[in-house]
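Q: My questions are about this predicted structure, shown below with the sequence.
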Amino acid sequence: MSDHFLSYPLKFQPLPKTRIWGGQRLKELFQLKTEGAIGEVWTLSGHKSSVSVCLNGDLAGKKITEIIQEYPSLYLGHTEKDCFPILISFLYAEQNLSVQVHPDDTYALKYDGDYGKTESWYILEAESGTRINYGHTFPNRHVYEQAITDGRVEEYLQYIDVQEDDFILIPPGTVHTVTPGILLIEIQQTSDVTYRVYDWGRGDAVGDGRELHVDRAADVLIYHSQTVPCTRKRIKQLPNETYEQLIHDPDCFSIDKWDFSKTLTLSMGKKGQPDVLICARGEGTLHYKDQGKLSIQAGDTILVPADFSTYMIQSRKTMTLLRVFYEK
């Protein structure tokens, strides 16, 4: 079978993750029967620790790693990475996540054999008065390490208020955590490296304290006050469509957002690269070449092959759609 016939939008099996701070909200969203507290659902991942499996069409049952090995020009495009470079997940917190920080590529490759992580959050739901930890006031490594010893980390954490539809960019070296009552979409570089700075004195399932990564966190922390990058730009508003560029970073990834109520016709984000579509709200149908169509609903993540030029989404009710693409 030629590549032409295997060029179509791919949908993937959700990958639920049990987390000590998770709950039931994601089970409802993804109609999961999984036991335990679910904190994350990975909807597109080529990471070796948890690989997405295609659900639809001739490639159904194949892992994304197999698909991009067989058809790299269609589903991977051009990248400096040796894996699909973007990881998409939905996250819900019923308790505080650990306070954490991520390294950059250079540090992570040297010490963990994995890539570093720039990540971003699109807030789907947030209870009134919700805030997140973003940044810290540790002036130097010594003060940070002494705060760990003295149990005074919380005194140095910075917080910002968040609400539905906010977008937060989290570069490597940024101390951060999610607090209870937040449902978000996480868009990140493909990596599973997290250094735990502080865990609220919490134990694991058998009562043991969870490991802190004090030394590595100390190595990668940025020791100055950090502010939230202002990345949102409202570009265009039409009667049935609002478009926003959430971030454009040629070295990392770009994210565009549409709210629309009828139809949306898109050109590819970057010629020769695949698009990743995330349905944040609503439902509809994706129409593409040769009369192809694919139903989409809230929670779906779709990989659109790189040989497309345009495609169209027809909504059945108001939709919020995120489109992610990369250039390297």
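A: Happy to help now that I have it.

Q: And the strands in the stretch 101-250 of the chain, which stretches?
A: Ranges of strands within the stretch 101-250 of the chain are 119-126, 131-136, 157-161, 167-170, 176-177, 182-189, 195-198, 233-238, 241-248, based on DSSP state E, counting those that start in this stretch.

Q: Sketch out the low-pLDDT regions of the chain for me.
A: Applying pLDDT under 70 to the chain flags residues 1-5, 203-209, 225-234.

Q: Where does the record place the domain boundaries for it?
A: Domain ranges of the chain: 3-220, 233-325, per automatic domain parsing.

Q: about what we covered before: now the strands of the stretch 101-250 of the chain in CSV, with mean neighbour count and distance to Lys271?
A: From N, CA and C alone the C-beta is placed, and that goes for glycine too. CSV is the format used below for these (neighbours: other CB atoms under 10 Å; distance: least, CB to CB, whole Å):
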stretch, mean neighbour count, distance to Lys271
strand 119-126, 20, 23
strand 131-136, 22, 35
strand 157-161, 14, 37
strand 167-170, 22, 25
strand 176-177, 22, 34
strand 182-189, 22, 21
strand 195-198, 24, 37
strand 233-238, 10, 19
strand 241-248, 17, 15
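
Q: Next, the distance between the ends of stretch 107-123.
A: The first and final residues of stretch 107-123 sit 29 Å from each other (CA to CA, to the nearest Å).

Q: And for stretch 79-90?
A: Taking CA to CA, stretch 79-90 runs 24 Å from one end to the other.

Q: Show me which residues of the longest helix anywhere in the chain are buried.
A: Criterion DSSP state H: the longest helix present in the chain is helix 141-150. Residues of helix 141-150 classed as buried: 144, 147 (neighbour count, 16 or more other CB atoms under 10 Å).

Q: i'd like the first residue to be 726 from this point on
A: Fine by me, first position is 726 from now on; the one you just mentioned is helix 866-875.

Q: follow-up on the earlier one: looking at the strands of the stretch 826-975 of the chain, which is closest to Lys1053?
A: strand 907-914 (10.9 Å; CB to CB).

Q: List the residues that contact Leu816.
A: 751, 764-765, 846, 903, 907-911 (CB atoms under 8 Å, 6 or more residues apart in numbering).

Q: cool, and Val1029?
A: Val1029 touches 734, 993, 999-1002, 1013, 1036, counting by CB under 8 Å, 6+ apart.

Q: Now for the contacts of Leu816: which two are most distant?
A: Pairwise distances across the contacts of Leu816 (CB to CB) peak at 15.1 Å, for the pair Leu751 and Trp846.

Q: was I right about Val1049 contacting Asp1000?
A: Yes. At 7.4 Å, Val1049 counts as touching Asp1000 under the criterion of CB atoms under 8 Å.
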